[in-house]
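Novice: Dropping the sequence and predicted coords here.
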Amino acid sequence: MKRIGVLTSGGDAPGMNAALRAVVRTAVYMGVEVYGIYEGYRGLLDGNIKELNVASVADIIQRGGTALRSARCAEFHTSEGIQKGIDMLKVFKIEGLVVLGGDGTYRGAMELAKRGVPVVGIPCTIDNDMGYTEFTVGFFTAVETVIEAIGKIRDTSSSHGRGNIIEVMGRRCGDIALYAGLSGGAENIIIPEEPFNVNEMIERTIRGRNRGKIHNIVLLTEGVANAYEVAETLEERTGVDFRVTILGHIQRGGSPSAFDRVIASQMGYHAVDYLVKHPEAQTALGIQGGQIVYTGMLEAVSRKKEISEDIYTIAQVLSI
Ligand code: F6P
């Protein structure tokens, strides 16, 4: 393989730049030309494609976001759109692709693979919602952002003797709430994978108050319940004053954590190494028990994500 392309697509994630840097530098090291496709599949269709070199990815390892930018592209969901993408790869003589993103990015890559383009995926999303890999690039940075917010909210919460509902992202996955809840010492962690039980939240709040606790942090995954309605119910039933903070897109930005930089670099390196050696690749990289693992892309998008029962149980036990 003489020339490969790389793109970032879907919601950005801290560490995408570290992965991009690793892809570009590994390709250069191996004597393979590497082209950056800007703005995801949109840029592929528009031919927004430029050659990258070692210097193109200098000074980005520490940056959040994606230097290649990202976009959503409805046209790429049509068979004409996919054919246009294939044609554009031919115009630029790109023989294989490394894609950085989540589920949607992988589905797009699979369409290209079905038409003969070798593809390798690197899982980049703050949601950690991909069942085939223990962790995705960006997840732990988002968790760090949330625990920083918990610390600040806890300060004011304690001063006023209040409760706080902090709504976090995750789409349909509770991992951000779960890991941030455990490491931030939240009293209640509400995730889509477990039944929503307001009575249990009330009991925990009252139990805490009776023990002299002056704060109460509830981590609520977006989409499970309306944060303001939950706050109202808790206020009515416990007599504790509750406030709501919706963290939103702050969780998607920021300098990637050391862990995210490390796995991004590992996966960027192995993605290129695998792609050049496997011209039939339709493969997603992941991490399991500290090791890089290779999974068929179809299986990667089909494998159901399950939460860690161990982490959930420990979080419940420690927040009695
Ligand atoms: O997938 C990442 C994510 O930040 C989710 O947690 C969230 O539900 C969604 O993207 C928000 O998407 P957008 O940035 O398009 O509003």
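Specialist: Done, it's in.

Novice: now the helices for the stretch 1-150 of the chain?
Specialist: For the stretch 1-150 of the chain, the helices defined by DSSP state H, counting those that start in this stretch occupy 16-29, 40-46, 79-91, 103-114, 139-160.

Novice: which bits of the stretch 101-250 of the chain sit near the ligand?
Specialist: Counting by CB under 6 Å from any ligand atom, the residues of the stretch 101-250 of the chain close to the ligand are 125, 126, 127, 169, 170, 171, 222. Just so you know, the C-beta spots here come from the backbone N, C-alpha and C atoms, and that holds for glycine as well.

Novice: For those residues, which single residue is the most surrounded?
Specialist: Neighbour tally across those (other CB atoms under 10 Å): the maximum, 33 neighbours, falls on residue 126.

Novice: Closest residue of the stretch 51-200 of the chain to the ligand?
Specialist: The minimum distance from the stretch 51-200 of the chain to the ligand, using CB to the nearest ligand atom, falls at residue 169 (3.2 Å).

Novice: Count the residues that sit near the closest residue to that residue other than its chain neighbours.
Specialist: Counting by CB to CB, 6 or more residues apart in numbering, residue 251 is the residue found nearest to residue 169 once chain neighbours are left out, at 5.1 Å. Residues lying near residue 251 (other CB under 10 Å) number 24.

Novice: do residue 47 as well
Specialist: For residue 47, the neighbour count with other CB under 10 Å is 13.

Novice: For it, give me phi and psi.
Specialist: Reported as degrees, to the nearest 10, the phi and psi values for residue 47 are phi 70, psi 30.

Novice: quick one: it from the ligand, how far?
Specialist: 25 Å (CB to the nearest ligand atom, to the nearest Å).

Novice: residues contacting that residue?
Specialist: Counting by CB atoms under 8 Å, 6 or more residues apart in numbering, residue 47 touches 88, 91, 92.

Novice: give me every residue that touches the residue of the stretch 1-150 of the chain found nearest the ligand.
Specialist: Nearest to the ligand, among the residues of the stretch 1-150 of the chain, is residue 11, at 3.5 Å (CB to the nearest ligand atom). Contact analysis of residue 11 by CB under 8 Å, 6+ apart lists 70, 101, 102, 125, 126, 252.

Novice: I figured the second one was touching residue 6, is that so?
Specialist: No: counting by CB atoms under 8 Å, no contact exists between residue 101 and residue 6, whose distance comes to 11.3 Å.

Novice: Output stretch 279-294 in CSV, but only the C-alpha positions, please.
Specialist: What follows is stretch 279-294, C-alpha atoms only, in CSV (Å, rounded to 0.1, in the frame of the first residue of the first chain):
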residue,chain,number,x,y,z
PRO,A,279,-5.2,-5.0,2.1
GLU,A,280,-8.5,-6.8,2.9
ALA,A,281,-8.9,-5.1,6.3
GLN,A,282,-12.3,-4.3,7.7
THR,A,283,-11.1,-4.1,11.2
ALA,A,284,-11.7,-2.1,14.3
LEU,A,285,-8.9,-1.6,16.9
GLY,A,286,-9.8,-1.8,20.6
ILE,A,287,-8.2,-2.3,24.0
GLN,A,288,-8.9,-5.2,26.3
GLY,A,289,-6.9,-5.7,29.5
GLY,A,290,-4.2,-3.3,28.4
GLN,A,291,-3.7,-5.1,25.1
ILE,A,292,-4.6,-3.8,21.6
VAL,A,293,-7.2,-6.1,20.1
TYR,A,294,-8.5,-6.5,16.5
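
Novice: Distance from it to the middle of the chain?
Specialist: Distance of stretch 279-294 from its chain centroid, counting by CA atoms, centre = their mean, to the nearest Å, is 17 Å.

Novice: What about the residue lying closest to residue 105 once chain neighbours are set aside, how many residues nearby?
Specialist: Nearest residue to residue 105, sequence neighbours excluded (CB to CB, 6+ apart): residue 9, at 4.1 Å. Counted with other CB under 10 Å, residues neighbouring residue 9 total 31.

Novice: circling back: out of the contacts of residue 47, which is most surrounded?
Specialist: Ranking those using other CB under 10 Å puts residue 88 first, with 19 neighbours.

Novice: Show me what the lowest-mean-pLDDT helix or strand in the chain is packed up against.
Specialist: The helix or strand of the chain with the poorest confidence is helix 198-210; it has a mean of 93 (mean pLDDT, DSSP states H and E). Applying 3 or more CB pairs under 8 Å, 6 or more residues apart in numbering; DSSP states H and E, we find helix 198-210 packed against strand 188-190, strand 216-221, helix 227-238.

Novice: and the shortest one, what does it pack onto?
Specialist: Here strand 188-190 touches helix 175-184, helix 198-210, strand 216-221, helix 309-318, going by 3+ CB pairs under 8 Å, 6+ apart.
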